[in-house]
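1. the sequence and its predicted three-dimensional model are supplied below.
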Amino acid sequence: MTEFIPPGTRHIDLPSPFPMRRGGALHGAKMAYETWGTLNATRDNAILIVTGLSPDAHAAANEANPAAGWWEAMVGPGKAIDTDRWHVICVNSLGSCKGSTGPASIDPATGEAYRLSFPELSVEDGANAAAHVVRALGIGQLACVIGNSMGGMTALALLAMHPGIARSHINISGAARALPFSIAIRSLQREAIRLDPRWEGGNYTDEHYPESGMRMARKLGVITYRSALEWDGRFGRVRLDSDRADDEPFGLEFEVESYLEGHARRFVRHFDPNCYLYLSRSMDWFDMGDFRPGGCGRGEGPSSDDDTRAALASIKLEKALAIGVHTDILFPLQQQQEIAEGLLAGGTDARFLPLPSPQGHDAFLVDFDRFSPAVGGFLAEL
C-alpha cells in the first residue's frame, strides 16, 4: 500500500469523527490541497477545483512545487483561470492515495493501512470533505466551483448539500448521475483488479502487486477517455516496427496497442488499486435525484428523470456553464445538457456549451484551444 503525495501538498484535518454517508466514520482524516493566487480583503475571489478520479491537488506549478501540474495550461497568471485575479484552491479527492485520507492511508485505530476496512465511499463524502476545506480556509462563499469529470459530480453534490457555498459553477464533462454504459465500463475495470490473484482480497503489497489487473483497468479507462475519431486519426492501422513488436503469440502488433500498454504501465505503480476501486464505485452510486425536494438524500430506490431535474433546479446559483464534448462516450453530451437545463429551470443563468473536440472525455486535459476561451470567458463575466 503506497500513497503518492506531491511535494508542497498541504493538509487540513477533517472533523473527527467524520461521518460517511453510507455508514461508518473516519477518525483523524485529512484533506490534501494546494493554492494559487491571493485571497482578497473581502475573501470573495476564491475558486475551488474538484478533480476527476486520478489527479492530485497539484493542478499547476506554484512556489511550493514548481513542477508542471495536471492543468498547467489552464491555471496561472493571465490564463483561463487567472491567478492574478482569483485565489484558486484544488483539493485531492477523499478516498484517493495522493494526500487525502483513503484506503491506502493508515487507520489510527490499528496502525495499519485501512485497505477494505475503509468505510464505503460516496461522491457526497468527497463533497462534504471539500466543503470543510473551504470553511477551514475562512472562505464563506466561493466565487465559483469548477468540477471536471468525477469532479463535476462532486461539485453538484457540494452545491446541493451546502446551499450558498458558491455563486457560480462550471461543470466540465460531468454528470448528474452515472449512465449504464459508464457503470458497465467501471464494473469491468474493478473486476479486472479483483480477479488478479495478486490483489489478495485487497491485501497486496508493493512487492506482490496486482499489476495485470491494474493494467487492464487502466487500458479500459483510456479507451473510453478518448474517441474512436482520435484513435483512427492518431494511429490508424499502423503496425509496430519489427524491432518493437512483441514476439509473444498474440502479443502487441499495432501502434495503438503499444500506446495503451505504455500508458497503463506508467499508471499502475502510481495509483493504489484499492483507492481506484473505492473511487470508481462512488461514481456508480452517485445520483442527483437523491436530492430532489422532499427526498432525504440517502438513495433509497431509483430516481426518475423528473427527480434529477427537480434536484438540479433546487440548486441556487447566479451563473453556471456546463461544457461537454461531442465525442465523449463516457460522460456523453446529453448529461451536460441535462445539468444546464436543470439549473436553468431553477432560475440560474445557466448555459450549455457543446464543443466539437475530437479528444473525447479527456478533451479538457488536452484541447486548450477550445477549453481556455470557454472557461476564461465565463470567469471574465463574474
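-> Good, I have the coordinates.
2. break this protein into its domains for me.
-> 10-178+288-380, 183-281 (automatic domain parsing).
3. show me where the stretch 251-382 of the chain dips below the pLDDT cut-off.
-> The stretch 251-382 of the chain contains residues with pLDDT under 70 at 294-302.
4. which SS state does V256 fall under?
-> helix (DSSP: H, G, I helix; E, B strand; the rest coil).
5. deepest-packed of the domains of the chain, please.
-> Among the domains of the chain, domain 10-178+288-380 has the highest mean neighbour count (mean count of other C-beta atoms under 10 Å), at a mean of 20. All C-beta atoms are positioned from the backbone trio N, CA, C, and that covers glycine.
6. now that domain, how far from the chain's geometric center?
-> Distance of domain 10-178+288-380 from its chain centroid, counting by C-alpha atoms, centre = their mean, to the nearest Å, is 7 Å.
7. and it, how far apart are its ends?
-> Domain 10-178+288-380 has an end-to-end distance of 29 Å (C-alpha to C-alpha, to the nearest Å).
8. numbering from 31 from now on, please.
-> Noted, 31 is the first residue going forward, which turns the last one into domain 40-208+318-410.
9. which helix or strand lies directly C-terminal to the one helix or strand R245 maps to?
-> Per DSSP states H and E, R245 falls inside helix 241-255. Counting by DSSP H and E, the next helix or strand C-terminal to helix 241-255 is helix 258-265.
10. most remote residue from this structure's center?
-> Largest separation from the mean C-alpha position in the chain: S272, at 38.9 Å (C-alpha atoms, centre = their mean).
11. assign that one to helix, strand or coil.
-> coil.
12. and it, what pLDDT?
-> Predicted confidence (pLDDT) for S272: 73.
13. how near is it to E283?
-> From S272 across to E283, the span is 11 Å (C-beta to C-beta, to the nearest Å).
14. what does A134 give?
-> Taking C-beta to C-beta, one finds A134 at 36 Å from E283.
15. check contacts around the residue lying closest to S310 once chain neighbours are set aside.
-> Leaving aside its chain neighbours, S310 sits nearest to R216 (4.7 Å; criterion: C-beta to C-beta, 6 or more residues apart in numbering). R216 sits next to A208, S310, R311, M313, D314 when contact means C-beta atoms under 8 Å, 6 or more residues apart in numbering.
16. ok, which stretches of the chain are helices?
-> For the chain, helices defined by DSSP state H occupy the ranges 153-166, 180-191, 210-224, 241-255, 258-265, 285-298, 303-315, 335-343, 363-375, 393-396, 398-410.
17. now do the fourth one: everything it contacts.
-> Under the criterion C-beta under 8 Å, 6+ apart, residues 215, 218-220, 222-226, 228-229, 290-291, 293-295, 297-299, 301, 303, 306, 359-360, 390-392 lie in contact with helix 241-255.
18. relative to helix 303-315, how tilted is that helix?
-> Interaxial angle, helix 241-255 versus helix 303-315 (axes from the mean of the first three to the mean of the last three C-alpha atoms, to 10 degrees): 40 degrees.
19. then helix 241-255 to CSV, C-alphas only?
-> What follows is helix 241-255 as a C-alpha-only set of coordinates in CSV (Å, rounded to 0.1, in the frame of the first residue of the first chain):
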residue,chain,number,x,y,z
GLU,A,241,-0.1,-5.2,-11.9
SER,A,242,-2.0,-7.1,-14.5
GLY,A,243,-5.4,-6.2,-13.1
MET,A,244,-4.4,-2.5,-12.9
ARG,A,245,-3.0,-2.5,-16.4
MET,A,246,-6.2,-3.9,-17.8
ALA,A,247,-8.4,-1.5,-15.8
ARG,A,248,-6.3,1.5,-17.0
LYS,A,249,-6.4,0.3,-20.6
LEU,A,250,-10.2,0.1,-20.5
GLY,A,251,-10.4,3.5,-19.0
VAL,A,252,-8.1,5.1,-21.6
ILE,A,253,-10.1,3.6,-24.4
THR,A,254,-13.2,5.4,-23.1
TYR,A,255,-11.4,8.6,-22.2
